[in-house]
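Peer 1: Let's see this in three dimensions:
(2 chains)
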Protein chains: 2
Amino acid sequence: MRCGAGIDARQVDELAINIDPIQAGGRLTADAMKAVIAYGDGYSVCDNCRKPNRLDYITKPPIAEFHRDLASWLNMDAARVVPGARRGFQAVAHTYVNKGDPVLVTSLSHYTEFLAVEDARGIAFEIPDDDRHLITADATAAKIEEVKRESGRVPVLAFIDHVDYQYGNKNDLKSIAKVAHQYDIPVLCNGAYTVGIMPVDGKDLGADFVVGSGHKSMAAPAPSGVLAATAEREKEVFRTTAITGDLTGRKFGIKEPEMMGCTLMGVTLVGMMASFPHVKERVKHFDRELANNRIVTEALRSIDGTSVLSEYPRKHTLTRVDTTASFDTVAQVHKKRGFFLSAALAEKGVVGIIPGATRVWKFNTYGMTTLQAQYLAQVFVDIAAGNGLKIS
Amino acid sequence: MRCGAGIDARQVDELAINIDPIQAGGRLTADAMKAVIAYGDGYSVCDNCRKPNRLDYITKPPIAEFHRDLASWLNMDAARVVPGARRGFQAVAHTYVNKGDPVLVTSLSHYTEFLAVEDARGIAFEIPDDDRHLITADATAAKIEEVKRESGRVPVLAFIDHVDYQYGNKNDLKSIAKVAHQYDIPVLCNGAYTVGIMPVDGKDLGADFVVGSGHKSMAAPAPSGVLAATAEREKEVFRTTAITGDLTGRKFGIKEPEMMGCTLMGVTLVGMMASFPHVKERVKHFDRELANNRIVTEALRSIDGTSVLSEYPRKHTLTRVDTTASFDTVAQVHKKRGFFLSAALAEKGVVGIIPGATRVWKFNTYGMTTLQAQYLAQVFVDIAAGNGLKIS
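Peer 2: A predicted model of the protein is given here:
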């Protein structure tokens, strides 16, 4: 099937078990799919936009209510939707970071956090992860002191990943935030892998900001996301416009410069909203997701030479494994080389790992049924055994 | 029908003639609707993302080709998709504007252009429109000289609307750009109302940047848009990241900080792409759109006391009218007050003007058939006559 313009209809999640590390939490719910169809048109949520003319004030569809619900669900005081988590990072960085200011990130931070710092003309300082690939409060304190010593400045902002994208490890954000706050450093909790996946309580974590990704973890179309703030920080990042026309004297009401006014005017927002009741429910059952992940991860561990690089037991379904001493030894002699693994998986209806990867790679079991997890576990073991690897 | 979460299915353009000023160019084509259904899932265009891992390098779906086509269609050297025209303004402002720098906008500029200036900490100076509500080269030259005189600085950037959002008037961008370039001021052509609506030749206009809106004028879902640049400016606004991790030494390849890396990862981009062949075709037939607009506008002019505030004859289908001396005289005595007009239109299957507006208001005839335009013209005349207004 084709959609015109040389675009094939995508049927990845319809036809296969998709273990792509970044796609698992973004699959639309059926309600979101319906909403996408009804709100495909540009500016489709603006039919009933009335004064003061801002997206988060629209009551039909219930966008205003959704914003309040989002904030309270994250236990924060205010929330806005943004075109992807990265645009939340950008807004916060741009509010606090001036040219040359030091900003804390981590040695496992996502590139978009670095770009937010760069875009704001700040300088990024990485808090090192420890040998378990976790960011600790102690490492945070040590890094702040190092930055102080070397630059004479305290960092003006800290980007801390709730769960990092490389290992899927869950950091103790609460204790990290406590340290940062001793230096009056506002803390942005990057919840791109947690908001919409597991319960996130911003106040309990001590976050000044919680950022989530709609298309990564909230079953929403791209680009979408959320930026939530405390009452104290809300006034800063969501400050309203102060610019005036020098000639006309025009002012621009309650538009927010860091949001560039309204953000998601159609399908992306309505998709997020339609999925939201399901997302609120699913985070309560993250234990089931971890149980499924364990089925798959244990199967991988049973293949001699395979190790899990992520913390273990897993606290997230995004998992990094090292199969250099297992699948990669097969790749050395297989006629398909490294592609044998993704090819063998595809033959069994499993997609989503990078073709050719047989050393260090990631997968995500989020959203699977237990039956699918059992099937996937068996597939990995069968491929291994079928290629002469030992199973213990 | 409901989409869950209290969201009613939207059926505005299915059930009525929609003359909303900002929605007319954003209605999806049938191909875009198919694409939206197939690419609703988050990160759905990323299945075949390979090194160097940037959205505009993906060949399946043909995103790379689309980017080349977009640039060449606008007669510019490079193009990127962005989450709305406003994010294009933001990227350009952020590249050229430092704190306190003077920036040219116009007395008819959209609020998002002001926000872009504010966000970059610049100061906005408005070029005045003349009594026809047009921005001229002379007024541009005078304003630059005034800014020079009063601030001692030459503006660092000019935002010029190709067609403004208030009157739908078409500015002589070419002569304005010529003046700006005499002062070495880069010119951003705001094509939110033209790119996707009528032919736009960036080089011919002398634009350093052309910005378009997907959801406003390219039959694409929101938020989407395009930022195109000349070869000279491409290196500046699309510069690649230079930041490194102080500890890990990580670099981030060819990601672009002003784009925050990848921009539209799913439904928004694929919707734009699927509509693109239709959009390329429709801009060639803008004369038909103007002919339809004329049918409606002439009918309005035939209602005694009604005047067209936009330039006449129209060069764009977005039109501003003053009915203070016609429909508003009815509103003064009608039991529905100002709401009589939108109610009467709705009864005849016409939606999209602000409920209650009977003085100065805007409509857009874009995308209508001639039959629909004739019907709409008659509806306006009938409502006027039915309420005792004189038709000449």
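
Peer 1: Nearest to chain B within the stretch 101-250 of chain A, name that residue for me.
Peer 2: Closest to chain B within the stretch 101-250 of chain A is A:His215: 2.9 Å, counting by CB to the nearest CB. (Each C-beta comes from the backbone N, C-alpha and C, glycine too.)

Peer 1: if you skip the residues just before and after it, what's nearest to that residue?
Peer 2: B:Gly42 (2.9 Å; CB to CB, 6 or more residues apart in numbering or on different chains).

Peer 1: tell me the SS of the one you found?
Peer 2: Following DSSP: H, G, I helix; E, B strand; the rest coil, B:Gly42 is assigned to coil.

Peer 1: which residues touch it?
Peer 2: A:23, A:25-28, A:213-216, A:219-222, A:224, B:265-266 (CB atoms under 8 Å, 6 or more residues apart in numbering or on different chains).

Peer 1: do the same with A:Ala79
Peer 2: A:67, A:70-71, A:226-229.

Peer 1: Out of these, which sit inside helices?
Peer 2: A:67, A:70-71 (DSSP state H).

Peer 1: For chain A, which segments count as strands?
Peer 2: For chain A, strands defined by DSSP state E occupy the ranges A:17-18, A:78-82, A:102-106, A:123-127, A:158-161, A:187-190, A:209-213, A:225-229, A:307-308, A:318-322, A:350-351, A:360-364.

Peer 1: Reformat those strands as a markdown table; add mean pLDDT.
Peer 2: Formatted as a markdown table, the strands of chain A follow (pLDDT from 0 to 100):
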| stretch | mean pLDDT |
| --- | --- |
| strand A:17-18 | 96 |
| strand A:78-82 | 98 |
| strand A:102-106 | 98 |
| strand A:123-127 | 98 |
| strand A:158-161 | 98 |
| strand A:187-190 | 98 |
| strand A:209-213 | 98 |
| strand A:225-229 | 98 |
| strand A:307-308 | 98 |
| strand A:318-322 | 98 |
| strand A:350-351 | 96 |
| strand A:360-364 | 98 |
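
Peer 1: Figure out which of those is closest to B:Phe209.
Peer 2: strand A:78-82 (23.3 Å; CB to CB).

Peer 1: chain center to the closest one: distance?
Peer 2: Here the centre of strand A:78-82 is set off from its chain's centre by 15 Å, with CA atoms, centre = their mean, to the nearest Å.

Peer 1: Distance of the residue nearest to A:His215 relative to A:Ser217?
Peer 2: The gap separating B:Gly42 from A:Ser217 is 8 Å, by CB to CB, to the nearest Å.

Peer 1: who touches both of these two?
Peer 2: In contact with both B:Gly42 and A:Ser217: A:25-26, using CB under 8 Å, 6+ apart.

Peer 1: The residue of the stretch 101-250 of chain A closest to chain B: what's it in contact with?
Peer 2: A:His215 touches A:26, A:84, A:221-225, B:41-43, B:265-266, counting by CB under 8 Å, 6+ apart.

Peer 1: go on, A:Ser44?
Peer 2: A:Ser44 neighbours (CB under 8 Å, 6+ apart): A:38, A:265-267, A:270, B:10, B:12, B:23, B:26, B:222.

Peer 1: same thing with A:Lys60?
Peer 2: Here A:Lys60 is in contact with A:47-48, B:8 (CB under 8 Å, 6+ apart).

Peer 1: Among these, which one has the most neighbours?
Peer 2: When these are compared by neighbour count (other CB atoms under 10 Å in any protein chain shown), A:Asp47 ends up highest, at 16 neighbours.

Peer 1: circling back: can you redo the contacts of A:Ser44 as CSV with neighbour count and distance to B:Lys335?
Peer 2: Formatted as CSV, the contacts of A:Ser44 follow (neighbours: other CB atoms under 10 Å in any protein chain shown; distance: CB to CB, whole Å):
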residue, neighbour count, distance to B:Lys335
A:Ala38, 23, 34
A:Met265, 29, 35
A:Gly266, 31, 36
A:Val267, 35, 39
A:Val270, 30, 36
B:Arg10, 22, 30
B:Val12, 17, 26
B:Gln23, 26, 29
B:Gly26, 31, 35
B:Ala222, 33, 37
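
Peer 1: Would you format those as a markdown table with distance to B:Pro155 and pLDDT included?
Peer 2: Formatted as a markdown table, the contacts of A:Ser44 follow (distance: CB to CB, whole Å; pLDDT from 0 to 100):
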| residue | distance to B:Pro155 | pLDDT |
| --- | --- | --- |
| A:Ala38 | 44 | 92 |
| A:Met265 | 30 | 93 |
| A:Gly266 | 34 | 93 |
| A:Val267 | 37 | 95 |
| A:Val270 | 39 | 96 |
| B:Arg10 | 42 | 90 |
| B:Val12 | 41 | 90 |
| B:Gln23 | 33 | 95 |
| B:Gly26 | 31 | 96 |
| B:Ala222 | 31 | 97 |
